[in-house]
Structure formats: structure tokens, C-alpha cells
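S.K.: Starting from these lines, generate the structure:
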Amino acid sequence: MSAQVHHITHPLVQHKLTLMRNKDASSTTFRTLLGELAMLMAYEVTRDTPTQQVEIETPLEKMASPMVDGKKLVFASILRAGNGMLDGLLRVVPNARVGTVGLYRDPKTLQAVEYYFKMPADMAERDVIAVDPMLATGHSAVAAIDRIKATHPRSIKFLCLLAAPEGIRTLQAAHPDVPIYTAAIDRELNEHGYILPGLGDAGDRIFGTK
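M.R.: Below is the predicted model of the structure:
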């Protein structure tokens with residue numbers, strides 16, 4: 001596996017992912033677990049976030065102590081399923097900015113089609129974490145990162161719950177400089193572009209649309 005692929009194997013991450021995979025998990029349970037997983041994964045994906053020393057005063061004395069400038073961080077949600085991870089991420093970094101990439105997958109070609117794009121200003125000063133629960137064919141991730149790169153951010157990472165080997169290969173071929181953070185690398189895609197064994201359609205399970 002490439003050094004650019006970070007498989008987050010923490011027992012709590014894997015436990016919650018197992019509960020999410022269960023076909024009998026309700027939309028409420030699925031959403032709750034996704035938020036908790038996003039919080040846990042945020043610790044890994046932000047591990048190398050730069051800090052700066054600030055002067056504070058404890059109850060006993062003044063000191064210099066490190067702080068993250070959350071305003072420099074952008075969580076770029078790839079619609080619609082990416083929105084399911086935002087609450088958990090923003091609980092960890094509440095002053096982060098949020099960008100939005102609206103894409104849908106053409107059911108015949110499996111290619112990503114863009115319908116919306118909005119990022120914060122001054123992207124050259126910001127670090128982006130693109131978020132989508134599933135890295136399946138990789139076409140949506142590539143299209144989203146193509147558009148995000150056009151804004152010239154300081155750095156980009158990709159965060160997902162599940163990745164298929166095909167999606168990893170597609171994303172790395174197009175953007176070898178973008179590290180991938182995932183809780184699982186599943187076996188393969190089926191003929192409809194769904195991850196196996198997977199957890200079904202993340203958007204449908206988050207929003208209860210099926």
C-alpha cells in the first residue's frame with residue numbers, strides 16, 4: 001500500500017464502522033455513528049496540522065502554548081453524502097471553514113457531473129480536507145479535487161470511510177500528491193460501481209431516501 005494511503009485501524013473506528021455496515025442499522029443510528037466516526041478520524045487527518053505559540057495565562061502564571069488556527073482549515077464536503085461527516089469534523093475543529101462540491105454520478109457512465117461549487121476566499125492560505133464517505137470508482141473524488149486545486153489551496157487531503165482498490169488507484173493516478181485517509185479498504189466494486197462488501201449507498205442511508 002502506498003505511503004499516501006493512511007488506513008485508520010484504531011479499534012473504536014473499526015467497531016463503529018462494523019455497526020454502520022449492518023444492514024439493519026436505522027438512518028438515525030447510521031447518522032450518529034457517522035458523526036462519531038468523523039470525530040475519531042479527524043484526529044488522524046489533522047495530526048500534522050500546524051500550530052502557533054500563543055500567550056495565555058493559567059491560574060498560576062503566564063505561558064506560551066500551541067494552538068491550531070482552525071480558520072485556515074477547510075472541510076470540503078462532496079455532496080451529498082459528505083455532509084453526513086461535517087458535524088463530527090466541526091465538533092473537533094469548530095472554527096474551520098466549509099466548502100461544498102456538488103457532484104452526482106451518471107448512472108450509465110459512472111462519471112461525475114458537477115452542479116455546484118463554493119469555497120471560502122483566500123484559498124492559498126488554507127489547508128483543505130475533502131470529505132466523502134465512499135471512495136468507489138474515484139471519479140467524483142478526482143473531479144472534486146480537480147476543482148479544489150484550481151483555487152490553489154496550500155494543501156489537500158482526502159478523507160473517506162470506505163475505499164475500493166479501484167478508487168484508490170484512480171485517485172492516486174490523477175492526484176498522487178493527495179494523501180488518502182480511510183477506515184477500510186474493501187475488496188472490490190460490483191458492476192454498478194458499489195463497494196463490496198461495503199455498506200450500501202451512504203447518502204441513502206444517511207438521509208433515509210431508500
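S.K.: and residue 126, what does it touch?
M.R.: 72-74, 97, 120, 153-154 (CB atoms under 8 Å, 6 or more residues apart in numbering). The C-beta positions use only the backbone N, C-alpha and C, and glycine is treated the same way.
S.K.: From these, list the buried ones, please.
M.R.: 72-74, 97, 120, 153 (16 or more other CB atoms under 10 Å).
S.K.: Reformat the residues you listed as JSON lines; add distance to residue 43.
M.R.: What follows is these, written out as JSON lines (distance: CB to CB, whole Å):
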{"residue": "72", "distance to residue 43": "18"}
{"residue": "73", "distance to residue 43": "14"}
{"residue": "74", "distance to residue 43": "18"}
{"residue": "97", "distance to residue 43": "19"}
{"residue": "120", "distance to residue 43": "23"}
{"residue": "153", "distance to residue 43": "21"}
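S.K.: Which single one of these is nearest to residue 201?
M.R.: residue 74 (26.1 Å; CB to CB).
S.K.: And the contacts of the host helix or strand of the closest one?
M.R.: According to DSSP states H and E, residue 74 maps onto strand 73-79. Strand 73-79 is contacted by residues 46, 49, 82-83, 85-86, 89-90, 93, 96-103, 116, 119-120, 123, 126-132, 140-141, 144, 148, 153 when judged by CB under 8 Å, 6+ apart.
S.K.: Spit out the contact partners of the closest residue to residue 111 other than its chain neighbours.
M.R.: Residue nearest to residue 111 in three dimensions, not counting chain neighbours: residue 139, with 5.4 Å by CB to CB, 6 or more residues apart in numbering. By CB under 8 Å, 6+ apart, the contact list for residue 139 reads 105, 110-112, 170.
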